[in-house]
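1. Fold the following.
(2 chains)
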Amino acid sequence: GAVVSQHPSRVICKSGTSVKIECRSLDFQATTMFWYRQFPKQSLMLMATSNEGSKATYEQGVEKDKFLINHASLTLSTLTVTSAHPEDSSFYICSARDFGNTEAFFGQGTRLTVV
Amino acid sequence: AQSVTQLDSQVPVFEEAPVELRCNYSSSVSVYLFWYVQYPNQGLQLLLKYLSGSTLVESINGFEAEFNKSQTSFHLRKPSVHISDTAEYFCAVSASLSYNTDKLIFGTGTRLQVFP
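-> Presented below is the predicted three-dimensional model:
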């Protein structure tokens, strides 16, 4: 199956700094990418949907100025957590889908810890 | 809008016993249905999916799920579980009308714990 690579797998940062998470589709062109957040022992909550070359569509309650999403190419999307705080600590997962494909492929996830 | 309900947050079972993980969905349009498995600190892996056609779908590792439109269910079953099946299982739904933009809506997950 298709491969989605997410980097880094773990990151620890100081409160107030920004962190960038990358999501790459390695063997297909991802016209649409999704970013999820998962709290411990909970389900995945969709944060935003991004289509290549256009602005991301954020879900209700997600701060677009805090969680910056860029989908500049068909193989790369980035999520930047700006001015991170301890409450932003979570597991972030991306998924990618190419046009006409019903299956979304998931990255390995990024464990963000803000101290 | 679509929604997914997984009634069981945890399902403990002994090895080699059968198991059923329940999933019910709500939607006003036709849907695609999915089961994903998540191992600790990892992303999600697709286990099986229903798009159309036969209502019984199977995975390569012995799981199966049956789409029941009248009961709006997509329960996951396995006749004999292994220790290695211990993981979190998520049921998900997406509207089938828009391939490249429609998002997955996930249930809250069921923790399958297999004991020796």
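2. Report the contact partners of the residue in chain A that chain B sits nearest to.
-> In chain A, the residue found nearest to chain B is A:Phe106; the distance is 4.1 Å by CB to the nearest CB. (C-beta placed from N, C-alpha, C; glycine too.) Under the criterion of CB atoms under 8 Å, 6 or more residues apart in numbering or on different chains, the contact list for A:Phe106 reads A:4, A:93-95, B:36, B:43-45.
3. What about the residues you listed, which one has the most neighbours?
-> For these, neighbours were counted using other CB atoms under 10 Å in any protein chain shown, and A:Cys94 has the most, 31 neighbours in all.
4. if I read this right, B:Tyr89 contacts B:Leu76, doesn't it?
-> Yes. Under the criterion of CB atoms under 8 Å, B:Tyr89 makes contact with B:Leu76 at 6.5 Å.
5. So, low pLDDT: which residues of the chain?
-> With no chain named, the answer covers chain A. Where chain A drops to pLDDT under 70, the residues are A:1, A:100-102.
6. ah, no, chain B please
-> Under the criterion pLDDT under 70, the flagged ranges of chain B are B:96-102.
7. residue contacts, the spatially most central residue of chain A?
-> A centroid search over chain A (CA atoms, centre = their mean) returns A:Trp35, at 3.7 Å, as the residue closest to the centre. By CB under 8 Å, 6+ apart, the contact list for A:Trp35 reads A:23, A:46-48, A:50, A:67, A:69, A:77, A:79, A:92-94.
8. Could you list which of the residues you listed also contact chain B?
-> Among those, the residues that sit close to chain B (CB under 8 Å from any CB of the partner chain) are A:46, A:93.
9. and which of the contacts of A:Trp35 is nearest to B:Tyr50?
-> Out of these, the one with the shortest distance to B:Tyr50 is A:Leu46. That distance is 20.7 Å, counting by CB to CB.
10. now A:Val114, nearest residue through space, not along the chain?
-> With sequence-adjacent residues excluded and distances taken as CB to CB, 6 or more residues apart in numbering or on different chains, A:Val114 is closest to A:Ala84, at 4.5 Å.
11. what's the spacing between that neighbour and B:Glu20?
-> Between A:Ala84 and B:Glu20 the computed distance is 41 Å (CB to CB, to the nearest Å).
12. Neighbour count for these two, which is higher?
-> Comparing A:Ala84 with B:Glu20 by neighbour count (other CB under 10 Å), the higher total belongs to A:Ala84, at 22 against 13.
13. Using JSON lines, please lay out the contacts of A:Phe106 together with secondary structure and distance to B:Gly109.
-> Putting those into JSON lines (DSSP: H, G, I helix; E, B strand; the rest coil; distance: CB to CB, whole Å) gives the following:
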{"residue": "A:Val4", "secondary structure": "strand", "distance to B:Gly109": "20"}
{"residue": "A:Ile93", "secondary structure": "strand", "distance to B:Gly109": "13"}
{"residue": "A:Cys94", "secondary structure": "strand", "distance to B:Gly109": "18"}
{"residue": "A:Ser95", "secondary structure": "strand", "distance to B:Gly109": "16"}
{"residue": "B:Tyr36", "secondary structure": "strand", "distance to B:Gly109": "9"}
{"residue": "B:Gly43", "secondary structure": "coil", "distance to B:Gly109": "14"}
{"residue": "B:Leu44", "secondary structure": "strand", "distance to B:Gly109": "10"}
{"residue": "B:Gln45", "secondary structure": "strand", "distance to B:Gly109": "14"}
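14. Nearest to A:Gly61 among those residues?
-> Using CB to CB, those come closest to A:Gly61 at A:Ile93, 17.8 Å.
15. Next, count neighbours for residue 57.
-> I went with chain A, as the question did not name one. For A:Thr57, the number of neighbouring residues by other CB under 10 Å comes to 15.
16. Switch to chain B, please.
-> Residue neighbour count, defined by other CB under 10 Å, stands at 21 for B:Val57.
17. I appreciate the help and will end here.
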